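Colleague: Kindly return the folded structure for what I paste below:
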Amino acid sequence: KQQYTLRNKLPLPKFISTMDTMLREWSRKTAEDEFQTYPKISVEIEKQAWKWLKDLNKNSIFHWHSYSYIVPSTSNKDYSSSLWLQEYATFPWKKFEDFSKWFYAGRLVTLPMMCSCKTNLKTYVCKHAVGISIHFGLYIISDPNKLESLGKRRGRPKKAGPALSR
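Modeller: Numbers count the residues shown, from 1 in each chain. As a prediction, the model looks like this:
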């Protein structure tokens, strides 16, 4: 639950003390957290990017402008990168369904961290941007050992379900 939502009416002295505490805490957090130019990349995103990059055909990476690249989407295999770019330039769609199919068939990645996928538009970091950065040596994986899955997990096994049930 978020702090300082102030959903209840407070008497003036309590309100002033709450505001004072809130502003002090925000100021302290701002001073402690350093300014970042790029979003933090988690180990999970690194794993996804590494797996995506291993499965990607490197010949399908199409250089477009200075720092822009077109890569095919994993969801649609009908479009190549060059066909995707050709349709980008000519706008041949008559139906929204055709446009939607084209839009999700490729990803426009602009280095260092921009991509046209939904994940990047929401969180500012995605497997496509990180994967292309890894491919071109612009991003170094923090701990390569964490990318490998460890196999069978330790701990108590899951409880078995009833026999002959689906």
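Colleague: Could I get the pLDDT score of Lys1?
Modeller: Note for Lys1: predicted pLDDT of 41.
Colleague: If you could redo that for Lys29, that was the one I meant.
Modeller: pLDDT at Lys29 comes out at 82.
Colleague: Give me the distance from the helix or strand harbouring it to the chain's centre.
Modeller: Element membership of Lys29 [criterion: DSSP states H and E] is helix 12-32. Offset of helix 12-32 from its chain centre (Cα atoms, centre = their mean, to the nearest Å): 33 Å.
Colleague: Which positions in stretch 76-90 come out as buried?
Modeller: Buried residues in stretch 76-90, counted by 16 or more other Cβ atoms under 10 Å: Tyr79, Ser80, Ser81, Trp84, Leu85, Glu87. To be clear about C-beta, it is placed using only N, CA and C from the backbone, and glycine gets the same treatment.
Colleague: Any chance of TSV for the residues you listed, columns distance to Ser27, secondary structure and pLDDT?
Modeller: Compiled in TSV, the buried residues of stretch 76-90 are given as follows (distance: Cβ to Cβ, whole Å; DSSP: H, G, I helix; E, B strand; the rest coil; pLDDT from 0 to 100):
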residue	distance to Ser27	secondary structure	pLDDT
Tyr79	50	coil	75
Ser80	53	coil	78
Ser81	48	helix	78
Trp84	48	helix	82
Leu85	48	helix	82
Glu87	51	helix	85
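Colleague: Let me know the closest of those residues to Ser42.
Modeller: Ser81 (27.7 Å; Cβ to Cβ).
Colleague: what about the strands in this protein?
Modeller: Applying DSSP state E to the chain gives strands spanning 62-63, 68-72, 106-110, 114-115.
Colleague: Thank you, goodbye.
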